[in-house]
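**Student:** Below are the sequence and a predicted model; questions follow.
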Amino acid sequence: NAGVMQNPRHLVRRRGQEARLRCSPMKGHSHVYWYRQLPEEGLKFMVYLQKENIIDESGMPKERFSAEFPKEGPSILRIQQVVRGDSAAYFCASSLQGGSSGNTIYFGEGSWLTVV
Amino acid sequence: TQLLEQSPQFLSIQEGENLTVYCNSSSVFSSLQWYRQEPGEGPVLLVTVVTGGEVKKLKRLTFQFGDARKDSSLHITAAQPGDTGLYLCAGDSSNTGKLIFGQGTTLQVKP
């Protein structure tokens, strides 16, 4: 896990507020992935980004969720107007290249969002 | 929808026993990873298998990828309390890094 930095580690938001989760990939990695782990459920893919581009957002809810990975700075997962069902652990992962064959994907320690 | 069925979901054994965790799918994967996750932390990669029929060993852990690249197994020999944790398998079908995760196996090894 060393190297993929996520913050905040824990975030509490009231319903209707916005949540911003940040991810700094491992040094030199330009491929970033976001996953969500709902209580009692497995990890689910949300979005795959490369620098300044969204490659695959097939796992992102259609509304309220957005992600970016700017040329400079961390990747941001933004959740607008949070609802209680958004409470989950959000994991960021990064890799040097795209794909997992012969390419290691490293996960961060996660950001735990609680909506009250 | 691609699915990875992981079994068993829960396993409680005595120290020294052997165990096997299975990961099955009807889909073909370009690679399959096994992770271990501790409470409050992110998944930590144990191994990646890529070739059908491949077997990899990591100390007391043996990982196998099915010939058809649709299934995998994790075998632990002489389990120790330190092996306690959540084990996850994850497959990548399109070699994009978009992983499909199994539901996980919670292993408890009693001293």
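**Tutor:** Here it is on my side, so go on. These numbers come from a predicted model, not from an experiment.
**Student:** quick one, strands of chain B?
**Tutor:** Per DSSP state E, chain B carries strands over the ranges B:5-7, B:10-14, B:19-24, B:31-37, B:44-49, B:55-58, B:61-65, B:71-76, B:85-92, B:100-101, B:105-110.
**Student:** Output the ones you listed in a markdown table; the columns should cover mean neighbour count and distance to chain A.
**Tutor:** For the C-beta atoms, the positions are set from N, CA and C on the backbone; glycine is no exception. Output for these, formatted as a markdown table (neighbours: other C-beta atoms under 10 Å in any protein chain shown; distance: least, C-beta to the nearest C-beta, whole Å):
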| stretch | mean neighbour count | distance to chain A |
| --- | --- | --- |
| strand B:5-7 | 17 | 8 |
| strand B:10-14 | 13 | 13 |
| strand B:19-24 | 19 | 12 |
| strand B:31-37 | 24 | 4 |
| strand B:44-49 | 19 | 6 |
| strand B:55-58 | 13 | 13 |
| strand B:61-65 | 20 | 12 |
| strand B:71-76 | 21 | 13 |
| strand B:85-92 | 24 | 4 |
| strand B:100-101 | 22 | 4 |
| strand B:105-110 | 17 | 11 |
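**Student:** Is it possible to get CSV of the ones you listed that adds mean pLDDT?
**Tutor:** Formatted as CSV, these follow (pLDDT from 0 to 100):
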stretch, mean pLDDT
strand B:5-7, 94
strand B:10-14, 96
strand B:19-24, 97
strand B:31-37, 93
strand B:44-49, 92
strand B:55-58, 96
strand B:61-65, 97
strand B:71-76, 96
strand B:85-92, 93
strand B:100-101, 92
strand B:105-110, 96
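**Student:** who's in contact with the spatially most central residue of chain A?
**Tutor:** Centrality entry for chain A: nearest residue to the mean C-alpha point is residue A:34, 3.3 Å, by C-alpha atoms, centre = their mean. Listed by C-beta atoms under 8 Å, 6 or more residues apart in numbering or on different chains, the contact set of residue A:34 reads A:23, A:46-47, A:49, A:67, A:75, A:77, A:90-93.
**Student:** re earlier: compare the strands of chain B and give me the one nearest residue A:5.
**Tutor:** Nearest to residue A:5, of all those, is strand B:44-49, at 15.4 Å by C-beta to C-beta.
**Student:** Would you mind listing what in chain A touches chain B?
**Tutor:** Neighbours of chain B within chain A, by C-beta under 8 Å from any C-beta of the partner chain: A:1, A:4, A:31, A:33, A:35, A:41-45, A:48, A:55-56, A:58-59, A:91, A:93, A:95, A:98-110, A:112.
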